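Chemist: Coordinates for the following, if possible.
(3 chains)
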Amino acid sequence: MKPIEHANTSVELIKQKKKGRKLTKIEASYHLMLLPGMIFLFIFSYIPMFGIIMAFQDYIPAKGMLGSEFVGFEHFVYMFSLPDIGQIFSNTIVIALGKIVLGTLMAIIFSILLNEVRLKLLKKSIQTVVYLPHFLSWVVLASVVVNMFNLDGTVNQILTYLGFEKLNFLGSNKLFQPLIIGTDVWKEFGFNSIVYLAAITAIDPGLHEAASIDGASWWKRVWHITLPGMLPIILLLAILSLPNILNAGFDQIYNLYSPMVYETGDILDTYVYRIGLLGREYSFGTAVGLFKSLIGLILILSANNAAKKYTDRKLF
Amino acid sequence: MVQNKTFSGRLGKVIIYTIVILLGLICLLPLWNIVAISFSSSEAVAANAVGLTPVNFTTKAYMMIMEDGQFWRSFSISIQRVVLSLIINMILIVLMAYPLSKSKRNFRGRNIYMNLIIFAMLFNGGMIPTYLVVKNLDLLNTIWSLVLPGAVQIFSIILVMNFFIGVPKSLEEAAIMDGANPWQVLFKVYIPISLPALATVALFSIVGNWNDFFSGLIYMTKVSNYPLMTYIQSLSIDIQDMLKAGANSSQLENIMEVSNRNLNAAKIVISTIPLLLIYPILQKYFITGIVVGSVKE
Amino acid sequence: MKRNSLFKRITMLSMASIMTFSLVACVEKEPSNAADSVSENGEKVIKMGRVTSANPKLPEGDTYEDNAYTRLVEEKLGAKIENAFEGEGEDYTRQVALAISSGELPDMMRVDSREELKELVENDLIADLTDVYDKNASDYIKGIYDSYDGRSLEDASFDGRLMAIPATIGDEAPNMIWIRKDWTEKLGLEIDRDGDRLITLDELEKTAKAFIENDPGETGNPIGIPLAYWLNSGSYGGSALNMTSIAGIFNAYPRFWLEDENGNITNGSITEGTKQALGVLSDWYKEGILDPQFGTRTWDDIMALITNGQTGIVTGPWHIPDWGLSTVREMDKNAVFEAYALEDPNGKVNVAHTNPTGAFIVVRKDYEHPELAIEILNLFYDELANSKDLATDYPEVAEYKELGVDGSTRPFNIEVLKSDNLLFDYSNIMGAVNGEIEMEEIASSEARDAATSIMKYNENPAGADTADWSKYHSRVKGMGLIDKLTKEDKFNWVTPVYFGNTETLEKKGANLLKLEEEDFIKIVTGARPLDYFDTFVSNWKSQGGDEIIAEIEAILAEEE
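Modeler: Residues are numbered from 1 along each chain as shown, chains lettered A, B, ... in the order given. All right, here's what the predicted structure looks like:
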């Protein structure tokens, strides 16, 4: 047995070596296709990466990067020794996760429902309307949200009409995070559903026809055909949004928060921003950014490996 | 397709339509409120008196904007930027997604490229280094400073790459047997099939470039070169910050004149109109139903 | 295989990093500026960093780079101004940082803090202006800076050398109480019986209660006294909707660095007086005098309360009618305000001096014509400011004044005025209004405009323009109050010992502010009892306050 195995493997090796030597014509085309993009990436992404040094320096613009003092991990130590840092991280992650999970759910549900709408005019107009809030900046939307959710606002008016007590959405540490998550989901679900809709249209209608001929109900078809068909995209988007686990949404929170809700509403970025207002924040901001990138890298790699293990497919 | 004509089928339809319309309404209403604000008088707006209909109807805000030459200059700069970016983005997306969608066996080095790209997506040097690069390339105050740094849209590339992976191999094999080279396979086979995905990333490119205001702030040193969103943002001063920092009275007076809410509302309405027009144009690409199977490696 | 690809990855990354790191030297240049300080016509060129404003009201065709003021510089000084960059607020600060980091400073630019100035001085990037100033500055200009007891020039000096041109800020205290006069008259309320424009805390409370009970604004939802959630700011000019005047009653000055009775440095926010003031506010909150939504109500919403008539009491500086109260008049033609100051038990108004220096104009180290900076200073802040006949001497500038073009369009977007400029303007304005002096005697065009507005308002109060109404209120009521209190010696001035940053303040200041804002709100809304203030104080000290105080003491000791 053994000699034959050896013979086989050495033949394999020779074949592999042969492949290893020649750059096929096809592969050459592939390299060529990637070339322009890689040049851009090199110039505008990789070269600026040298600036990551600033995270380890006490960067002062006048001294430049070569002249600024090297301080090692001081900024990271400082970040972790801030009095409320545990709370800040917890707020950031809770809010970010809430947005990702609920946002994805909402977008998926909406895309499935909208797909069922047959009236073309209605479908088109709803689609256009629903992706609009994405374009409005939080500076603008904040005043709308405040009008709706403050103590005299529409939502509380409805609550009192129905006999409930008023809720202090903007001032209560219990309600602020749900408010942030909820309003962000509302703002983004329409835009996010675009990708899911594209995925749904890519599913073979034949599968649906066959299933309904077999007597499957609408719900069964959704569960067994539509959702599995969307699964790759859902997974992909979920994994790609993982690096954002520490980006809980500076613009939104900055425009809606106040000291009353700092406890649950202060996130990493708003804190860093306020530090920047008093002192020059370039180094510290870079350090925080580097930290976020590292976390993002770890998360993406683990998620990719997990996806490979459980769904038999890598995403990249 | 809810085809059952049974009661539960029809009820299901009614429920679905109701939910969808409700969702549409709650997205529409705030924009409606903003439109109403833009047509109201500034005192009414300051008094929070505007709901869904304008109070003291006036087109003063829009007139002020029409007369503001810089608004229209910035508008055209943004249009230029979006068009140039769209072309460059789409070309690069398609060129990069295709080789990356090939397996490692067919394309050695694929993983290296993939790793480099993911790394670039996660790590960046920050504002100052990127600015220095742009400056040293002499791109400051040119339209290219708004277009080139964002030329490679990594998220979109990954998205399209995944769609490409789902294209049945049989189509490609058939084309190769007909003697097509990779470029032809890409343009004649993959692109026509992937129109929904391509329309999606085109939309992302347009929207992203239209909305970005930060690039204009750092790469344009003169207000006259600002793209639209940068210009609008520069006018929307947060009066709270000014007060906290301590401003003098004439500064505050002038700010109140331009930064008041109904003027801002009008600017937002005008700057959102192009986006409203884009989606209907791209919509037809979303409806292709060509078969792309579910995906397994 | 695995080891291979890991090795490959590491090699790739190291090669990439070596290449990119070696580019650092190429990309970061030494501060260098080509000798293009002479334009084609042989004019001198000044590359400037300009702080702009959102609404300059420039006539068609004029820009920040090319307007009446820049043309004046060209005409009188033979120098052409080119803008290296323009921006406002944060945007401008960012542009300055980017310019510095790329090693290309403009020839002249504004910096807004002494810390930035220090950075430039320590890295030898700006020019020493001592000699140029001594030789070229006009006597009038020197007189302006002298009126601040030398503090201005000191702020701009390092080791006895003048490194920048300081901008001046006059005092704008007190934080006044503006009350709807038409409402107090409607309800027959008697405030300020002795007419000295001073009211006590008691009178204020009574007025607020009366407004709540009777709802003179007829909105169905009256609010007593609204306050902004940040409660305090570092200056009186920005003290709209702040508690500054209430703190003043207890001789407290939150956010200011002061010397206490024992000669130690402390911060007004942790003093006993502030605690008492917070006690007043929390009582008000309990009684419903203070806005029940205090803490979450946004700035816009509070302004809405004032505009739509839900409240008739506002705290703010003398100029709040110009930008904050005008909408009230638009909504209600009958609205008139009276301005009062809160008096302490001794009948005095306790106020603190502000930082006399706001911003600085710096000149790049090797710029060939530093004297141009002083010449521009003279031209704008002496000749133009004192010109009695703008229309003849400087016709284009006169036209700008007519159009209301914003002062930010001048090359140096700063003010350089004598310390008593406010009162000086006031006496001129009232002099013209009362016919005691001729309009042409007044040098300042803003003062002339204000006087004209007031006279128009006086002719027909009910039917006057909103702009005239605002000017009347800010000058006659606002400035007038300051003038009256000064003349009657009702002010009790305190001088803060330090303005600016320290190392720890930069690091921990944001957190201390957060602590202060959070805890003050908790105390006022009753989430914490008043004695929690003592916990706040000890937290404040241990979380950086003590360190900062020590640093300030060290800095002050050095300077003696």
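
Chemist: from here on, contacts and neighbour counts on C-alpha atoms
Modeler: Noted.

Chemist: Could you tell me which residues of chain A lie near chain C?
Modeler: Counting by CA under 8 Å from any CA of the partner chain, the residues of chain A close to chain C are A:46-50, A:60-66, A:83, A:151, A:170-171, A:258-260, A:262, A:274-275, A:277-280.

Chemist: Name only those of these that count as buried.
Modeler: Using 16 or more other CA atoms under 10 Å in any protein chain shown as the burial test, the residues of chain A next to chain C include A:46-50, A:60-65, A:151, A:170-171, A:258-260, A:262, A:274-275, A:278-280 as buried.

Chemist: Mind telling me what element whichever residue of the stretch 151-300 of chain C sits closest to chain B is part of?
Modeler: Per CA to the nearest CA, residue C:238 is where the stretch 151-300 of chain C lies closest to chain B, at 4.5 Å. Assigned by DSSP states H and E, residue C:238 falls within no helix or strand.

Chemist: Could you give the average pLDDT over stretch C:343-359?
Modeler: The average pLDDT within stretch C:343-359 is 91.

Chemist: how long is it from one end to the other?
Modeler: Using CA to CA, to the nearest Å, the span of stretch C:343-359 from its first residue to its last is 33 Å.

Chemist: Can you list the buried residues in it?
Modeler: The neighbour-count check on stretch C:343-359 (16+ other CA under 10 Å) flags C:343-344, C:348-359 as buried.

Chemist: Checking residue C:422 next. Helix, strand or coil?
Modeler: helix (DSSP: H, G, I helix; E, B strand; the rest coil).

Chemist: That one touches residue C:478, doesn't it?
Modeler: No: Residue C:422 is beyond contact range of residue C:478, at 10.8 Å (criterion: CA atoms under 8 Å).

Chemist: how deep is residue 220 tucked in, by neighbour count?
Modeler: I went with chain A, as the question did not name one. Residue A:220: 13 surrounding residues under other CA atoms under 10 Å in any protein chain shown.

Chemist: wrong chain, I was asking about chain B
Modeler: Residue B:220 - counted by other CA under 10 Å - has 24 other residues nearby.

Chemist: so how far is residue A:64 from it?
Modeler: From residue B:220 to residue A:64 the distance is 22 Å (CA to CA).

Chemist: element containing residue B:201?
Modeler: Taking DSSP H and E as the definition, residue B:201 sits inside helix B:195-211.

Chemist: do the same with residue A:306
Modeler: Taking DSSP H and E as the definition, one finds residue A:306 inside helix A:282-311.

Chemist: Is that helix positioned near chain B?
Modeler: Yes: contact of helix A:282-311 with chain B (CA under 8 Å from any CA) involves A:286, A:290, A:293-294, A:296-297.

Chemist: Quick check: the residue nearest to residue B:125 when sequence neighbours are not counted vs residue A:236, distance?
Modeler: Nearest residue to residue B:125 in three dimensions, chain neighbours excluded: residue A:49, at 4.1 Å (CA to CA, 6 or more residues apart in numbering or on different chains). Noted for residue A:49: a distance of 26 Å to residue A:236, by CA to CA.

Chemist: One more: residue A:178?
Modeler: For residue A:178, the distance to residue A:236 equals 26 Å [CA to CA].

Chemist: The two - which one has more neighbours?
Modeler: Set residue A:178 next to residue A:236 and count neighbours by other CA under 10 Å: residue A:236 wins out with 19 against 15.

Chemist: quick one: that one from residue B:163, how far?
Modeler: Distance from residue A:236 to residue B:163, counting by CA to CA: 11 Å.

Chemist: now residue C:464
Modeler: Applying CA to CA, the value for residue C:464 to residue B:163 is 68 Å.

Chemist: of the two, who's got more company?
Modeler: Comparing residue C:464 with residue B:163 by other CA under 10 Å, the one with more neighbours is residue B:163, at 27 against 16.
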